[in-house]
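Enquirer: below is the structure, and that's it, no one-letter string:
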């Protein structure tokens, strides 16, 4: 069982931005010091995630439920890795909370693709596609029309920290996907941080092909059944650095022209100060800061 002191240490570690909490130049300098290989990064994250799954949360309904969500998500990710192979997979990543959680879970699953070299038998199915993890995880960043500097900074920082082969596409989503798939024809499926409460996502499953009038690929949605509170419970309990905008009351990140701090988190009547994003509890209030 996790002690209160160790829980507090993890929560204290979940600082906004982490390596991107400074200016762009200092964030870039901070990431230059990163020397871990992709495999080392994956193994460290896997250790943290598996440690969480081993914790006894009998008396904590939120974390006990989250453990179930994490197990399901990792099963979906594992199935995708074995079905497609890493070279045919990509991640839609914009630095937001949902795709950040998904990224951590994917990296925690990647060590399963590394073949054993100690002569031991493995429980992996014979159709497993092994990888030496010598290459970065492919990813696409579809940039908002007017991106926040904090988001740009965080995406650049975490792309380096988590070894992403990130392609930046400053185009509307459909055109961006068309261009990305044209330049990367090996990509057959894309991990998405979509949740069922997102617009037009209520009927999606863990594996859902794109609609006929969209670029064709398999959308993989490991966190589709997670709630808003689950996302933040994972980030805070595991001490994952996140974008600083979330500590200023933003709960759903778009661009500077269509995103405001969530009024549900306003501390004063003038809405001049806001609680951090993780204080929100209701899924249906998540997008109240988005200008339609």
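Expert: Alright, I've got the coordinates. Model, not experiment: these values are computed from the prediction.

Enquirer: the residue positioned nearest the centre of the chain sits in which helix or strand?
Expert: Geometric centre of the chain, nearest residue: residue 100, 2.1 Å, by C-alpha atoms, centre = their mean. According to DSSP states H and E, residue 100 maps onto helix 97-109.

Enquirer: ok, residue 63 touching residue 56?
Expert: No: if you go by C-beta atoms under 8 Å, residue 63 and residue 56 don't touch, sitting 9.8 Å apart. For glycine as for every other residue, the C-beta is placed from the backbone atoms N, C-alpha and C.

Enquirer: who has more neighbours, these two?
Expert: Applying other C-beta atoms under 10 Å to residue 63 and residue 56 shows that residue 63 carries more neighbours, namely 19 against 10.

Enquirer: okay, residue 16: pLDDT?
Expert: pLDDT, residue 16: 50.

Enquirer: and for residue 78?
Expert: Per-residue confidence (pLDDT) for residue 78: 95.

Enquirer: what about the helix holding residue 100, distance to the chain center?
Expert: Helix 97-109 has its C-alpha centroid displaced from the chain centroid by 4 Å (C-alpha atoms, centre = their mean, to the nearest Å).

Enquirer: after it comes which helix or strand?
Expert: Using DSSP H and E, the first helix or strand after helix 97-109 is strand 137-142.

Enquirer: buried residues in the next helix or strand after that next one?
Expert: Following strand 137-142 in sequence order, the next helix or strand is helix 149-161 (DSSP H and E). For helix 149-161, the neighbour count (16 or more other C-beta atoms under 10 Å) marks 150-161 as buried.

Enquirer: before we move on, the earlier item: residues contacting the helix holding residue 100, please?
Expert: 41-42, 45-46, 48-50, 70, 73-74, 77-78, 81, 91-93, 137, 158, 162, 164, 191-195, 222-223, 226, 231-232, 234-235, 238, 240, 242-243, 246, 277 (C-beta atoms under 8 Å, 6 or more residues apart in numbering).

Enquirer: and those, which are buried?
Expert: Neighbour-count burial (16+ other C-beta under 10 Å) applied to the contacts of helix 97-109 gives 41-42, 45-46, 48-49, 70, 73-74, 77-78, 81, 91-93, 137, 158, 162, 164, 191-195, 222-223, 226, 231-232, 234-235, 238, 240, 242-243, 246, 277.

Enquirer: any weak-confidence spans in the stretch 101-250 of the chain?
Expert: Residues of the stretch 101-250 of the chain meeting the criterion pLDDT under 70: 114-134.

Enquirer: who does the top helix by length along the chain touch, helix- and strand-wise?
Expert: If you go by DSSP state H, the chain has its longest helix at helix 61-84. Where contact means 3 or more C-beta pairs under 8 Å, 6 or more residues apart in numbering; DSSP states H and E, helix 61-84 is packed against helix 38-54, helix 97-109, strand 189-191, strand 218-220, helix 228-237.
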